[in-house]
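>>> Predicted model, plus sequence, below.
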Amino acid sequence: MRSARVAIERVANGTNVTRLTFKGGADPRVVKTRLAEGGVHLDQASPQGVVAVQVNETWIRRTPQELVRAFEQALA
């Protein structure tokens with residue numbers, strides 16, 4: 001997924017950890033709420049807008065396209 005509103009960074013030696021950084025005016029609290037409404041659970045972001053994401057069961061049940069769509073809608 002490429003977006004001006006979120007950066008995705010793999011964590012070195014973090015087998016299932018990815019760092020998301022919200023930017024471009026994206027409010028992590030709003031994104032978290034919108035994702036939860038669609039059944040995707042995300043931890044709370046740091047004050048700098050960074051969330052460490054670990055793949056979990058709620059994400060495994062979705063196709064990559066469904067996850068991208070959920071993020072796009074939450075970022076809208």
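Sure, I can see it. Please read all numbers here as calculations on a predicted model, not as lab measurements.
>>> Only C-alpha atoms from now on, for both contacts and neighbour counts.
OK.
>>> how far away is Val17 from Ala74?
Using C-alpha to C-alpha, to the nearest Å, Val17 is found at 21 Å from Ala74.
>>> between those two, who's got more neighbours?
Between Val17 and Ala74, counting by other C-alpha atoms under 10 Å, Ala74 is the more crowded of the two (20 against 15).
>>> can you give me phi and psi for the more buried one?
For Ala74, the backbone dihedrals are phi -70, psi -30 (criterion: degrees, to the nearest 10).
>>> ok, Asp43 - contacts?
Shown here is Asp43, whose contacts under the criterion C-alpha atoms under 8 Å, 6 or more residues apart in numbering are 32, 51-53.
>>> Can you tell me which of these is closest to Gly39?
When the contacts of Asp43 are compared for distance to Gly39 (C-alpha to C-alpha), Lys32 wins out at 10.4 Å.
>>> what about that closest one, which SS state?
Lys32 carries the three-state label helix when classified by DSSP: H, G, I helix; E, B strand; the rest coil.
>>> now do the one 10 residues further on
Taking three-state DSSP as the rule, one finds Leu42 in the coil state.
>>> next one: the one 3 residues further on
Under three-state DSSP, the three-state class of Ala45 is coil.
>>> now do Asn13
Classification of Asn13 by three-state DSSP places it in coil.
>>> about what we covered before: please convert the contacts of Asp43 to a markdown table, extending it with distance to Ile60.
What follows is the contacts of Asp43, written out as a markdown table (distance: C-alpha to C-alpha, whole Å):
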| residue | distance to Ile60 |
| --- | --- |
| Lys32 | 18 |
| Val51 | 18 |
| Ala52 | 17 |
| Val53 | 13 |
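>>> Sounds good, over and out.
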